[in-house]
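Enquirer: need coordinates for the following:
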Amino acid sequence: GCELTASTKSYTFQVDEEDDADHILALSVVCLTDGAKDECNVVEVVGRNHENQEIAVPVANLKLSCQPLLSLDNFKLQPPVTFRLAAGSGPVHLAGWHRIVHREDASFEEEDDLSEEEEEEEKELAPIMPAKK
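Expert: Here you go, the predicted structure:
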């Protein structure tokens with residue numbers, strides 16, 4: 001997690017470029033914390049699009065009197081990513097999780113080869129028939 005305030009308006013999450021792993025950053029909750037004023041606090045996510053151009057997208061607009069907390073249901077991002085307090089003085093707390101998946105990890109790749117037992121089970125399944133009208 002991190003906290004954005006009037007004095008610390010942004011936080012960048014980056015990973016080692018030479019790391020041979022896939023990184024997933026998921027944003028779970030954005031909320032106002034103790035000391036926040038009743039003003040609009042806009043949090044943006046700054047990243048790169050498919051053409052490697054910087055893009056900023058607002059993800060939360062929080063106000064103490066009407067919406068002090070926003071659940072983002074594990075909004076997935078690919079590092080590097082910057083969180084920026086575009087409006088307001090905060091403090092705004094961001095929480096989430098970081099997952100590292102090593103590319104040589106067998107659990108990451110799906111198994112395409114079926115065992116002989118699984119192949120037999122597939123053969124035994126009856127075909128799906130159309131519904132009667």
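Enquirer: now do stretch 20-27: everything it contacts.
Expert: Here stretch 20-27 makes contact (Cβ atoms under 8 Å, 6 or more residues apart in numbering) with 13, 15, 45, 59, 72, 74-79, 81, 94-104, 108. The C-beta positions use only the backbone N, C-alpha and C, and glycine is treated the same way.
Enquirer: what are the buried residues along that stretch?
Expert: Residues of stretch 20-27 classed as buried by neighbour count (16 or more other Cβ atoms under 10 Å): 23, 25, 27.
Enquirer: in the protein, which spans are strands?
Expert: 2-4, 10-13, 21-32, 41-48, 54-62, 69-77, 81-87, 92-102 (DSSP state E).
Enquirer: report the buried members of the contacts of stretch 20-27.
Expert: The neighbour-count criterion (16+ other Cβ under 10 Å) marks 13, 45, 59, 72, 77, 81, 94, 96 among the contacts of stretch 20-27 as buried.
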